[in-house]
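Novice: Predicted coordinates and the sequence they were generated for:
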Amino acid sequence: MTAASSAAAAATLPRRGPWGIGRYDVAGQPVFFEVGWDDWQRDVAWARALLAGHGVGPVKGDGPGGTGGGSPPCVEKVGGGLVIVSGMPESPWFDPFETAARELGAPYSIGEIYAFEAFRTGLYTRRLPVTMVFGMDRTVAEGLGDELAEVVARVPVIVARPDAAGLLAAAGGRPFIVARVGPAIAVECPQRSGAHLNGNEWSLAERGGDLFISTAGPRAHQVREAPLGLRGALTDGPCGCGRTGQRVTISEGA
Amino acid sequence: MPRARIAALQEERILELVPYVYERSALVRRKWEEARVKPSDINSLADFTERVPFITKDDIRQFRDQAQDPFGGLLCTDYADTTTVFSTSGTTGDATLYAHAWDRWHPFWATTARDLWEIGVRPGDYVLGSGFKMRGPLYHADQMVGAIPVLVNTGIGGWATALDAIRRYRPVYAQLTGLALAELDHLSRTTDLREVFSSFKGAAFAGEPLGARARAQLESWGVEVYLWTSTGDVTGAWECGQHDGCHAWEDCVLLEAVDPAGTGPVADGELGELVATSLDNPVTPMVRFRSDDIIRMTRQPCACGRTHARFWPVGRKGDETIVAGRSFVPMDIWRALEDVPETATALFQLVRPAREIDELKVRVGYDPDITTSVPDLRDRVSEAITAAVGVPPVLELVPEPELLARGRGGKLPRVVKS
């Protein structure tokens, strides 16, 4: 056997139950939720379209090392590498983007969301031809310290959590936004007109600035007008990127 | 599988690997040219272990810096053909990058799926999807087995909520680290952990040695703990139900135990340095990689029936410290601290600018909730360490939360320069 044949054998095992269980908090109260395998596949497809819209795709040109090795990195000639900043418990939201990057042919690395792991995000952007950091949060932005400005200068596209946007702007960046919205995730497209929600799966309502979420698709996790403990604003209607449906701007939290 | 068949399989894969890496890995080619070894010189497993030069972590770093190659000359494919680039924990220095190419499941975790099966994880079981992602999505191992990962925070400060998830989903397995055990130790004062963990078939522990007190504590909670470790960053090696050494998966890795101060093999069961060669990684294969891990290894069959090599981790090469002519290893301090209630979680760092030092500086974490007098604690800790290593320490006592914050990747660097 090999590792690959073990994985192939594992693929034949019965799959009883969902892809996994996640957890989000509403006003300090935990809400556990299932992500089904079908849910996950649709999330991957949606993530793939969003990343492709930001130019994520196969690496172009000569890369560092490899095939005879030792060739110097040609950062100006290559593109497509990602650092996805997320923690293990955030996998229900971020795994679809990891899978989408792989399906798009873009090598990805993972920078964890903990302060002591901030160095890893810096390390990848320093050593690899990374063209996107996806998911940077305030903890990592602060943890990078003086290197944050270097990361901003090195990486063409940074998609950040709302709590990191100010720090990145102060460091000279102009980040796009990605936000966890209860069990859903919202991501800004290159038009910068609010973070898109997958309208086939979820819908948001806003009352007095408070956000509420409902399930719109055939997901394992069904909620109706559930308060999110988040404040924000909604935009409807067509976006310049061609998508229709809701876009959200989170004013705090997420 | 009989040993002879394992050896034959390894020889077949090594003879495929030799021309492959010589052609593609710049570091391998450089090292082999320096040693005047050519692929045509290697016609058997014996040729390989006798003639092929070792590669050290310093070799990789040096090549990386000289050639401006982030992969240190290890990458055997085009960067464009890789899927993921992950890295080692970086606990003992610069993290090393490893690339993989894969489709559905990350191959690094494929052997882990076999180990989960050994523990008793089965399709439809819930497992606590804990740990870190620095080496990729660990929950792929859970999903390969057909289990359902419950993905909650089991990092520092996360266990109170993780216990909610355990009560709700009754998982059969979790991955634990030393830092997690420190937190569970505190929670055990207010929570019946035996009841909480009653659904568990086992828990894995990795990252650093498991002290005797911690093991006894896990057993008191009814948790059967399976130690695992890395085989030179090639695969994992896990205990089986016999808990008599960590089993390597020798279809994926060629393991050697060599003289830590030399190049020759050591006898079965003797102390040696773990040397690993990847047998099924075409992207960044390690070739005779000296891991700096000191082990005892045997190829005697295990009582569980498995014939793959087993080993017992002993420590890290270079962890041996000499103070005033006396030699000791960090585990000696570990055991001493476990006997003092306020420091029983054994969170400590040996502050050592060099291997030979004039005074023994130890940074020790203490539990502020049960510490009534720091000066009194200082006296007792000093006495315990002096009794263990024969040298009175210079102590820096810090509250546990402060020391936990210095952890990285679920573990605390035990030997630091400052």
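Specialist: In hand now; what should we look at? Note that the structure is predicted; figures quoted are calculated from it, not measured.

Novice: Have a look at the chain and report its longest strand.
Specialist: All of this is about chain A. For chain A, the strand that runs over the most residues, judged by DSSP state E, is strand A:226-235.

Novice: Switch to chain B, please.
Specialist: strand B:289-298.

Novice: Packing partners of that one?
Specialist: On a contact count with 3 or more Cβ pairs under 8 Å, 6 or more residues apart in numbering or on different chains; DSSP states H and E, strand B:289-298 meets strand B:225-230, strand B:253-258, strand B:271-278, strand B:310-316. Glycine gets a C-beta too; all of them are placed from N, C-alpha and C.

Novice: Give the other helices and strands that the longest one contacts.
Specialist: Using 3+ Cβ pairs under 8 Å, 6+ apart, the elements in contact with strand B:271-278 are helix B:3-24, strand B:253-258, strand B:289-298.

Novice: What pLDDT is listed against residue 140?
Specialist: Defaulting to chain A. pLDDT recorded at A:Val140 is 96.

Novice: ah, I was thinking of chain B
Specialist: So B:His140 comes in at 94 (pLDDT).

Novice: what's the neighbour count on residue 217?
Specialist: If you meant another chain, say so; for now it's chain A. By the criterion of other Cβ atoms under 10 Å in any protein chain shown, A:Gly217 has 14 neighbours.

Novice: meant chain B actually
Specialist: The burial count for B:Gln217: 19, using other Cβ under 10 Å.

Novice: What's the separation between it and A:Leu228?
Specialist: To A:Leu228, B:Gln217 is 39 Å away according to Cβ to Cβ, to the nearest Å.

Novice: returning to what we had before: now the helices and strands packed on strand B:289-298 as a markdown table including mean pLDDT, mean neighbour count and distance to A:Ile158?
Specialist: Shown next, in a markdown table, are these (pLDDT from 0 to 100; neighbours: other Cβ atoms under 10 Å in any protein chain shown; distance: least, Cβ to Cβ, whole Å):
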| stretch | mean pLDDT | mean neighbour count | distance to A:Ile158 |
| --- | --- | --- | --- |
| strand B:225-230 | 94 | 20 | 32 |
| strand B:253-258 | 97 | 24 | 38 |
| strand B:271-278 | 96 | 24 | 34 |
| strand B:310-316 | 90 | 20 | 37 |
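
Novice: Any stretches of the chain with poor pLDDT?
Specialist: All of this is about chain A. For chain A, residues meeting the criterion pLDDT under 70 lie at A:61-79, A:252-254.

Novice: not what I meant, chain B
Specialist: B:91-93, B:408-410.

Novice: Helices of the stretch 101-250 of chain A, start to end?
Specialist: With DSSP state H, counting those that start in this stretch as the criterion, the stretch 101-250 of chain A has helices at A:118-127, A:138-144, A:147-154, A:162-170.

Novice: wait, I meant the stretch 151-300 of chain B
Specialist: B:159-169, B:178-187, B:193-196, B:212-220.

Novice: so which of those comes closest to B:Gly129?
Specialist: helix B:159-169 (9.5 Å; Cβ to Cβ).

Novice: Give me the angle between that closest one and helix B:178-187.
Specialist: 80 degrees (axes from the mean of the first three to the mean of the last three Cα atoms, to 10 degrees).

Novice: so what does helix B:159-169 touch, helix or strand wise?
Specialist: Checking 3+ Cβ pairs under 8 Å, 6+ apart, helix B:159-169 ends up next to strand A:20-26, strand A:29-35, strand B:126-128, helix B:178-187, helix B:193-196.

Novice: please redo it, this time with the cut-off set to 7 Å
Specialist: strand A:29-35, strand B:126-128, helix B:178-187, helix B:193-196 (3 or more Cβ pairs under 7 Å, 6 or more residues apart in numbering or on different chains; DSSP states H and E).

Novice: Which residues are in contact with the spatially most central residue of chain B?
Specialist: Centroid-nearest residue in chain B: B:Thr229, 3.7 Å away (criterion: Cα atoms, centre = their mean). Neighbouring residues of B:Thr229 by Cβ atoms under 7 Å, 6 or more residues apart in numbering or on different chains: B:Ala206, B:Ala237, B:Cys246, B:Pro313.

Novice: go on, A:Leu82?
Specialist: A:Val56, A:Ala101, A:Ala106, A:Tyr108, A:Val130, A:Met132, A:Phe134.

Novice: would TSV of the residues you listed with distance to chain B be doable?
Specialist: TSV is the format used below for the contacts of A:Leu82 (distance: Cβ to the nearest Cβ, whole Å):
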residue	distance to chain B
A:Val56	14
A:Ala101	9
A:Ala106	9
A:Tyr108	6
A:Val130	9
A:Met132	14
A:Phe134	14
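
Novice: What about the residue nearest to B:Leu116 when sequence neighbours are not counted, how many residues nearby?
Specialist: Excluding its sequence neighbours, the residue lying closest to B:Leu116 (Cβ to Cβ, 6 or more residues apart in numbering or on different chains) is B:Val145, at 5.0 Å. By the criterion of other Cβ under 10 Å, B:Val145 has 24 neighbours.

Novice: quick one: B:Val145 and B:Leu271, what's the gap?
Specialist: 35 Å.

Novice: pretty sure A:Val223 contacts A:Thr215?
Specialist: Yes. Using Cβ atoms under 7 Å, A:Val223 and A:Thr215 qualify as a contacting pair, with a distance of 5.4 Å.
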